[in-house]
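K.L.:
Sharing a model that was predicted from the sequence below.
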Amino acid sequence: MTSFADDDARLAALANEHGTPCFVYDLATARSDYERLRAALPARVTIAYAVKANPHAALLRTFADLGASFDCASSGELTRVESLASGRLFFTGPGKHTAELKHALDLRARIQAEGFEDLERVEQLAPSRIAVNLRVHPLAAIEESTRILGGNGPSAFGVDEEDLPELARRAARLRRVRIAGLHVFAASNELTADRLAANHAAVFALARRMVKEFHFDLEQIDLGGGLGVAYAPGVAELDVVAVGENLERLLAEHDWFQGRVIVEPGRYLAARCGVYLTRVVRTKFSRGTRFTILEAGVNHLLRPLLVGQPFPVRAIGVDGASSPTTLAGPLCTSLDRLGDVDLPALDPGALLAFLRTGAYGATEAMTKFLSHPEAKEIAV
Ligand SMILES: Cc1ncc(COP(=O)(O)O)c(C=O)c1O
């Protein structure tokens, strides 16, 4: 059966029906991506979808109906899921406002504290004794293939591992807050199961240190997100069955830990279901470069500019040999680029489909810049 993203006739019909530019999210694809991951992971692993990847209501409902928990990083994200997944919420973020912390506590979301200052505020705000997770920024052993979260360098996230002794000493004086979980997320878009396994092993080693040296009673180990999606042709997909097997082995090796493991995938669950449809406005040659200028650029898709990785793109209903072209948007800046890709000759009005744009697509764009209309978002 032709997959949604490969079905040119359907994509062309959707573009005609809804107009362009628009994001289309195929819920059947989202469902099967979730089910593949769920089937691959050990039963002791909770999947908390990272809402930031795509907060579209239909997608959130789809994952909630499948039993997902949710990783939220703002009050706005909590609001989107609070009625869908009561008791299945996590609240993370390096700059939590006090009102947001109150909101999360009211919802009984599990707080991922990013430092002593978060612990102190929870101590003030919590109505009764409360267990929280502590986000730690590891000293070493984490590798990141695309720089998104920053690897082992200085970080806005979590407590630096070297500061743990001091934090543990101060946290011992808190009466209401109990550190009962570890959260580490330092590498995004990883495509090899082995590299993820090495990162996960480093987190478990750190967890053991927290138990042995600081006597924290850990109920949860949150491994963050980072399950990758291949954007470039010829790049192999992440083998999630291998990820699950590696986690099973890790749990067996660390049988001192009998709590729950959390993963917070955003990209893996949301990327493939999304296709962004847009049309060519005009083309031009300039000093040897073929520019294809589109209805929208970084005001709808910022990720290629941020991380230097274009989304896969296809011309719909256009045949002919492909040649290099620079995709540009209509904004008055030479930063308005969606990548250098190979496409056939394109006339004004030709339809392009950008694939795997369901994660960090609409949600990450610079929508206000130059006051163009926002892209429509349609769930099918
Ligand atoms: C705390 C946290 N959890 C989960 C995610 C989702 O990561 P990914 O989309 O790489 O799975 C992010 C992304 O930035 C994050 O910051």
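P.N.:
Good, I have the coordinates. Numbering: from 1, shown residues only.
K.L.:
Give me the contacts around the strand or helix carrying Asp33.
P.N.:
Using DSSP states H and E, the secondary-structure element containing Asp33 is helix 27-40. With CB atoms under 8 Å, 6 or more residues apart in numbering as the contact definition, helix 27-40 has outside contacts at 3-5, 47, 58-59, 62-63, 66-68, 227, 240-241, 243-244, 265, 268-270, 272-273, 358, 379-380. Bear in mind the C-beta positions are built from the backbone N, C-alpha and C, glycine included.
K.L.:
Give me the subset of these lying in strands.
P.N.:
Within the contacts of helix 27-40, membership in strands is found for Ile47, Ala379, as judged by DSSP state E.
K.L.:
List only buried entries from the contacts of helix 27-40.
P.N.:
4-5, 47, 59, 62-63, 68, 227, 240, 243-244, 265, 268-270, 272-273, 358, 379 (16 or more other CB atoms under 10 Å).
K.L.:
follow-up on the earlier one: any part of the helix holding Asp33 near the ligand?
P.N.:
No. In this structure, helix 27-40 remains apart from the ligand according to CB under 6 Å from any ligand atom; the gap is never smaller than 10.8 Å.
K.L.:
List the buried residues for that helix?
P.N.:
Counting neighbours by 16+ other CB under 10 Å, the buried set in helix 27-40 is Leu27, Thr29, Ala30, Arg31, Asp33, Tyr34, Leu37, Arg38, Ala40.
K.L.:
Also stretch 87-99?
P.N.:
Burial within stretch 87-99, assessed by neighbour count using 16+ other CB under 10 Å, is assigned to Arg88, Leu89, Phe90, Phe91, Thr92, Gly93, Lys96.
K.L.:
same thing with stretch 208-226?
P.N.:
Judged by neighbour count (16+ other CB under 10 Å), stretch 208-226 contains these buried residues: Met210, Phe214, Phe216, Leu218, Glu219, Gln220, Ile221, Asp222, Leu223, Gly224, Gly225, Gly226.
K.L.:
Do you know the pLDDT at the residue nearest to the spatial centre of the chain?
P.N.:
To find the centre residue of the chain, average its C-alpha atoms and take the closest one (CA atoms, centre = their mean): that gives Gly266, at 3.1 Å. At Gly266, the predicted lDDT confidence score is 98.
K.L.:
show me what contacts the closest residue to the ligand within the chain?
P.N.:
With distances taken as CB to the nearest ligand atom, the chain approaches the ligand most closely at Gly225, which sits 2.4 Å away. Residues touching Gly225, when contacts are defined by CB under 8 Å, 6+ apart, comprise Ala50, Asp71, Phe185, Ser188, Val263, Glu264, Pro265, Gly266, Arg267, Tyr268.
K.L.:
how many neighbours does the fourth one have?
P.N.:
If I follow you right, that is Ser188. Other residues lying near Ser188 total 21 when counted by other CB atoms under 10 Å.
K.L.:
So what pairs up with Ser286 in the strands?
P.N.:
When bridges are assigned using DSSP bridges, the partners listed for Ser286 are Thr289.
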